[in-house]
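Peer 1: predicted coordinates and the sequence they were generated for:
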Amino acid sequence: MASWLEDYALIGDTQTAALVSRTGAIDWLCAPRFDSDACLAALLGDARHGSWTIEPRTPVKRVRRAYREGTLVLDTEVETDGGTLRLTDCMPPRDRDVNIIRLVTATRGSVALHMALRPRFGYGLARPWIRLDGTAGTALSGPESILLRGPVPLREEDGGIVADLVLHEGEQAAFTLDWHASNAPPGPARDAAEAVSDTERWWREWSSCCRFEGPWREAVLRSVITLKALTYAPSGGMVAAPTTSLPERLGGTRNWDYRFCWLRDATFTLYALMATGFKEEAEAWRDWLVRAIAGDPGAMQNLYGPTGQRRLTELELPWLPGYEGSRPVRIGNRASEQFQLDVYGEIMDCLHLARRVGIHPDADAWRVQRALMEHLETVWRQPDEGIWEIRGERRPFTHSKVMAWVALDRAVKDVQHHGMPGPAERWARLRDEVHAEVCREAWSAERSSFVQSYGAREVDASLLLLPIVGFLPATDPRIRGTVAAVERDLLDHGLVRRYRTTPELDGLPAGEGVFLPCSFWLADCYALMGRRAEALALFERLLSLRNDVGLLSEEYDPEARRLVGNFPQAFTHVALVNTARNLTEGGGPADHRRER
């Protein structure tokens, strides 16, 4: 069974998602929401903790796969000595329950197949009770139940449901899986071929709205389709990834649950959606943001569940060995309890952008922003855990202070340019004070660079955002010096690390891959500095890291030449879209965001 991240493709119904390997195994499926405790398959590449496989009984000679253009319908062609089959996987847009359609077609010769569904609920802890009825099988565990329908009689084997069949050229067989509450009846059977066609049509109608044109349209379109799949449609929230505990370093301990919505992704996400023509999704994201943060600004979190849930208690699951031995496996995320000053800037910037680009105004948004600004005025001097959510001692991180400046700057502009009521003069004075303090306390004359935190010597890739958010022009000598310092200290095989990890700084064992969004930021900086050839070369290098179906994770291990971190990663695909736009004639988000 496949175990490398590169071996997986994503399918989803904009409410949950699954990962499908090259060999036809679904090794990860969450239901009914991204953050549900009820995982059908709990660990990539480890059948003991859940999988659903459809594979030939004879050796495989070659595998080719691709999404159907403009869709999240996946075709995998498997060639054997006896014949060739096409496995089509999709999740139709949700009506009530989770549905997975797996349609198998013999396109040449004859192929003997073995289907095995071994569901494990509760993150691999619970083996379900199996009940069979001819060509249908039910797996039941507490509140969850799944119904498998197949073309041939099913049998129970090794705690799962299996079947064998032979397909001859031109023949087709369908397996469908329906997830429903155990105290409710399952939905009606669906015609699999019709469901695939309906799903393909739905995605093509949606993706036809993409207005990005340029040499990277295919990569951009695949990224926005991925972002749509990571959106929880009922609320508009977008999760960072559909997975948990895929390590930032193979065998390491930096393993986090990313099935939540991060506030710091707000502005980048809004730009990516608006720049590609998806205003409805951008508005839904803005509305989710306002609902999530409404209330006491002092109680604002850095991340929330897909519907805005606040309680994201972090737990470890000791019964799971972890992806390639990377432990612990975690669910929930303690970063939700941290103080991260930068999110105030992201919220204010995102809502300011929404007004600038003409998203339908939200009557409550400015009330929420006013409350946030009043709170920010009292807390901006405090140290925090920063953009990278360190688990060591709080520090006065430069990026955090810069984002406090962003919050003040956008608040002033909302008053001056959009007629919002507020103390613009007071905010403008504080904005100038914050700017002066950062330029004084975060600048190292010795290094000719801004540094990670006040008084530090180290640089941090988040400093690449200073010109992008408009703190200083990219042509300012201080920005040029900072970019040079990042190149000297953080480039690894031509890609960018977030910072030099140490137990003293972040309270965790050192070591992780290069952080792909940071590498896109460097390309953005190159473009803003007029170093277009370098920007293009770096962007093309990053595109080459995508797997065969166009997906990227959070990080990349340049030594092992493997994707690492949770997968696929929304923030990475957002960065890809924005950099493609920045490199397109006429300017992009980096130019737009820094306009004064």
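Peer 2: Nice, I can see it. All figures in this text were calculated on a predicted structure; none of them were measured in a lab.
Peer 1: doesn't Ala404 lie inside a helix?
Peer 2: Yes. The assignment for Ala404 is a helix, going by DSSP: H, G, I helix; E, B strand; the rest coil.
Peer 1: quick one: residues contacting the spatially closest residue to it that is not a sequence neighbour.
Peer 2: Nearest residue to Ala404, sequence neighbours excluded (Cβ to Cβ, 6 or more residues apart in numbering): Trp380, at 4.3 Å. (C-beta placed from N, C-alpha, C; glycine too.) Trp380 makes contacts with 341, 344, 401, 404, 430, 434, as judged by Cβ atoms under 8 Å, 6 or more residues apart in numbering.
Peer 1: so the second one, which of the three states?
Peer 2: With three-state DSSP as the basis, the three-state label of Tyr344 is helix.
Peer 1: and the chain, what are its domain boundaries?
Peer 2: Split into domains by automatic domain parsing, the chain comes to 5-184, 215-593.
Peer 1: okay, those in a markdown table with distance to Trp206 next?
Peer 2: Below are those laid out as a markdown table (distance: least, Cβ to Cβ, whole Å):
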| stretch | distance to Trp206 |
| --- | --- |
| domain 5-184 | 8 |
| domain 215-593 | 7 |
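Peer 1: which stretches of the stretch 201-350 of the chain form strands?
Peer 2: 231-232, 237-238, 261-262, 303-304, 315-316, 330-331 (DSSP state E, counting those that start in this stretch).
Peer 1: just the ones you listed: most buried one?
Peer 2: Greatest average neighbour count among the strands of the stretch 201-350 of the chain goes to strand 261-262 (a mean of 28), per mean count of other Cβ atoms under 10 Å.
Peer 1: can you list the strands that that one pairs with?
Peer 2: strand 303-304 (antiparallel) (DSSP bridges).
Peer 1: pull the residues that contact the strand it pairs with.
Peer 2: Here strand 303-304 has contacts from 237, 240, 260-263, 292, 310, 312, 333, 335-336, using Cβ under 8 Å, 6+ apart.
Peer 1: looking at these, which are in helices?
Peer 2: Ala292 (DSSP state H).
Peer 1: one step back: of the domains of the chain, which is nearest Ser207?
Peer 2: domain 5-184 (4.0 Å; Cβ to Cβ).
Peer 1: that older thread, need the strands of the stretch 201-350 of the chain in a markdown table (columns: mean pLDDT and distance to Phe121).
Peer 2: Shown next, in a markdown table, are the strands of the stretch 201-350 of the chain (pLDDT from 0 to 100; distance: least, Cβ to Cβ, whole Å):
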| stretch | mean pLDDT | distance to Phe121 |
| --- | --- | --- |
| strand 231-232 | 93 | 21 |
| strand 237-238 | 94 | 24 |
| strand 261-262 | 94 | 24 |
| strand 303-304 | 94 | 25 |
| strand 315-316 | 94 | 16 |
| strand 330-331 | 92 | 14 |
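Peer 1: in the chain, where's the longest strand?
Peer 2: strand 98-118 (DSSP state E).
Peer 1: list the strands paired with that one, with their directions.
Peer 2: Applying DSSP bridges, strand 98-118 is found paired with strand 51-56 (antiparallel), strand 83-90 (antiparallel), strand 160-168 (antiparallel), strand 172-181 (antiparallel).
Peer 1: make a markdown table from those and add mean neighbour count, distance to Val20 and mean pLDDT to it.
Peer 2: A markdown table is the format used below for the strands paired with strand 98-118 (neighbours: other Cβ atoms under 10 Å; distance: least, Cβ to Cβ, whole Å; pLDDT from 0 to 100):
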| stretch | mean neighbour count | distance to Val20 | mean pLDDT |
| --- | --- | --- | --- |
| strand 51-56 | 23 | 9 | 94 |
| strand 83-90 | 22 | 5 | 98 |
| strand 160-168 | 18 | 18 | 97 |
| strand 172-181 | 20 | 13 | 93 |
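Peer 1: closest to Arg561 out of those strands?
Peer 2: strand 51-56 (25.8 Å).
Peer 1: residues making contact with that closest one?
Peer 2: Contact with strand 51-56 is made by 1, 23-27, 29, 40-41, 47, 78, 80, 85, 87, 102, 104, 111-119, 175, 177, as judged by Cβ under 8 Å, 6+ apart.
Peer 1: then it to CSV, C-alphas only?
Peer 2: Only the C-alpha atoms of strand 51-56 are listed here, as CSV (Å, rounded to 0.1, in the frame of the first residue of the first chain):
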residue,chain,number,x,y,z
SER,A,51,-8.6,1.4,4.3
TRP,A,52,-10.8,0.7,1.2
THR,A,53,-9.0,-0.9,-1.7
ILE,A,54,-10.0,-1.9,-5.2
GLU,A,55,-7.1,-3.6,-6.9
PRO,A,56,-6.2,-6.2,-9.5
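Peer 1: now find how far off-centre that strand is within its chain.
Peer 2: Relative to its chain's centre, strand 51-56 lies at 26 Å (Cα atoms, centre = their mean, to the nearest Å).
Peer 1: repeat for stretch 469-485
Peer 2: 28 Å.
Peer 1: which outside residues touch it?
Peer 2: Contacts for stretch 469-485 (Cβ under 8 Å, 6+ apart): 345, 349, 402-403, 405-406, 409, 435, 438-439, 443, 447-450, 459, 463-464, 466-467, 522, 525, 528-530, 593-596.
Peer 1: for ChimeraX, what selects the buried ones among the residues you listed?
Peer 2: With 16 or more other Cβ atoms under 10 Å as the criterion, this ChimeraX line picks the buried residues out of the contacts of stretch 469-485:
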select :345,349,402,403,405,406,409,435,438,443,447,449,450,459,463,464,466,467,522,525,528,529,593,594
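Peer 1: out of the contacts of stretch 469-485, which are inside strands?
Peer 2: Using DSSP E, these in strands are 443, 449-450.
Peer 1: dump the residues you listed into CSV; add pLDDT and distance to Val368 as well.
Peer 2: Below are the ones in strands among the contacts of stretch 469-485 laid out as CSV (pLDDT from 0 to 100; distance: Cβ to Cβ, whole Å):
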residue, pLDDT, distance to Val368
Trp443, 98, 34
Ser449, 98, 36
Phe450, 98, 31
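Peer 1: tell me the one of these nearest Ser141?
Peer 2: Taking these together and measuring to Ser141 by Cβ to Cβ, the closest member is Phe450, at 52.8 Å.
Peer 1: CA atoms of stretch 332-341 as CSV?
Peer 2: Written as CSV, here are the backbone C-alpha positions of stretch 332-341 (Å, rounded to 0.1, in the frame of the first residue of the first chain):
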residue,chain,number,x,y,z
GLY,A,332,-7.3,19.2,18.2
ASN,A,333,-4.8,22.0,18.3
ARG,A,334,-3.5,23.9,21.4
ALA,A,335,-2.5,26.8,19.2
SER,A,336,-6.1,27.9,19.5
GLU,A,337,-5.3,28.9,23.1
GLN,A,338,-2.3,31.1,22.2
PHE,A,339,-2.0,34.8,21.9
GLN,A,340,-1.0,35.7,18.3
LEU,A,341,-0.9,39.4,17.7
